[in-house]
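A.B. asks: Give me a 3D structure for the following:
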Amino acid sequence: MRADLHRWLQLGFANLEQNRASTALEHFKRVLSEDPEHADGHAGLAFALLAQQRVHAAAHEAGLALAADPEARLAQLAAAQVAIAQRRFRTATQHFDALRAGDPADPAPYRGLAQIATLRGRADEAQAHYGEALARDPEDPDTIADLGRWHLRRGALGEAEAHARQALAIAAEHADALILMGQVHLRRGEIEAARDHAIWALRSDPEAREPLYLMAAIKARRNPFLGLWWRWSAWMGTLGDTRAIVVLLAAFVAYRVATIAAQQAGRPELADLLQMFWLILVAYTWFGPVAFQRAVKREIEDVDLKPDF
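C.D. replies: Got it, this is the predicted structure:
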């Protein structure tokens, strides 16, 4: 490989590690402008596009990477991550299995399998895969931060914080660990500490989506209208999909039973009040996410960083 191509490729992945997807994108495009069949260049571009949530374009680049070199590890890893984004878990698992067979010491495919297990609601399986990843490299900040996020989803704030601090001790500018630490502070109501970590993460790339989502969540937490919805959403997220559905069904059944009981007791005004309360609750949970997405959009359009950061 030409020295300049190798340097641009390294710069691209270095920027990806620091959450600077836009800058990484330009480096990978530069590689491909010199060598349109460069498998790692297409794979890197796929990763950068995924970071920008441009899944269709990322799938195209991952396909080009595999076509250029079907055995390239980065091409397989990019294809696997695209498959996860498209919820094609079987395809992603096949890529991760091939990666494990090719290099059993690499923790990346185990992190990917843990991600799939988490999305499928298989907590024990996810934890086992994270354990395998750490066994391969106990000092890998990506694995440690991912495991911290897994604990955060379960509501285990102490474990999440411990992993965030461990990852940051290894790599002080690790973007995912910074965001994780900010999310932990936000869950605890430590707003300024959460904002400081979000801004710290945004220093690398003011357009990075995850810290902007964190900034929007901080504003939502302060907002009287969105604050309650944010707390409810955060709590429901700790339950997992199955238990969250059970909670919602139980709430609906309780509402219907209470309404019927009020009508049978000759209290139609109470039944009407319960129905009105339920409709307001449904409308609130419907419009809450819409309002939050608008807040995120505003953050993306107008990022205001402190001058001392």
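
A.B. asks: Can you tell me the centre-most residue of this protein?
C.D. replies: E210 (7.3 Å; Cα atoms, centre = their mean).

A.B. asks: contacting residues around that one?
C.D. replies: N19, A175, D176, I179, A201 (Cβ atoms under 8 Å, 6 or more residues apart in numbering). Backbone N, C-alpha and C define where each C-beta goes, glycine included.

A.B. asks: what does the model give it for pLDDT?
C.D. replies: Per-residue pLDDT puts E210 at 75.

A.B. asks: so where does it fall, helix or strand?
C.D. replies: In this structure, E210 sits in helix 209-222 according to DSSP states H and E.

A.B. asks: swap in I260?
C.D. replies: Counting by DSSP H and E, I260 is part of helix 224-264.

A.B. asks: since we're on D40, how many residues are nearby?
C.D. replies: 24 (other Cβ atoms under 10 Å).

A.B. asks: where does the stretch 151-300 of the chain have low pLDDT?
C.D. replies: 204-209, 220, 222-244, 280-300 (pLDDT under 70).

A.B. asks: quick one: contacts for the residue nearest to H129 when sequence neighbours are not counted?
C.D. replies: Excluding its sequence neighbours, the residue lying closest to H129 (Cβ to Cβ, 6 or more residues apart in numbering) is A114, at 3.6 Å. A114 makes contacts with E125, A126, Q127, H129, Y130, A133, D146, L147, W150, as judged by Cβ under 8 Å, 6+ apart.

A.B. asks: Name all residues that make contact with the third one.
C.D. replies: In this case it means Q127. By Cβ under 8 Å, 6+ apart, the neighbours of Q127 are A114, W150.

A.B. asks: L186 against L214, yeah?
C.D. replies: Yes: under the criterion of Cβ atoms under 8 Å, L186 makes contact with L214 at 7.2 Å.

A.B. asks: Mind checking which of those two has more residues around it?
C.D. replies: Between L186 and L214, L214 has the larger neighbour count (other Cβ under 10 Å), namely 26 against 22.

A.B. asks: Which helix or which strand is home to the closest residue to the more buried one other than its chain neighbours?
C.D. replies: Closest residue to L214 apart from its sequence neighbours, by Cβ to Cβ, 6+ apart: A198 at 4.3 Å. Using DSSP H and E, A198 sits in helix 191-202.

A.B. asks: related to what we said a few turns ago, what's the overlap in contacts for L186 and L214?
C.D. replies: A194.

A.B. asks: Just the ones of the contacts of A114 in helices?
C.D. replies: E125, A126, Q127, H129, Y130, A133, D146, L147, W150 (DSSP state H).

A.B. asks: Any of those buried? List them.
C.D. replies: Among the ones in helices among the contacts of A114, those buried by neighbour count (16 or more other Cβ atoms under 10 Å) are A126, Q127, H129, Y130, A133, D146, L147, W150.
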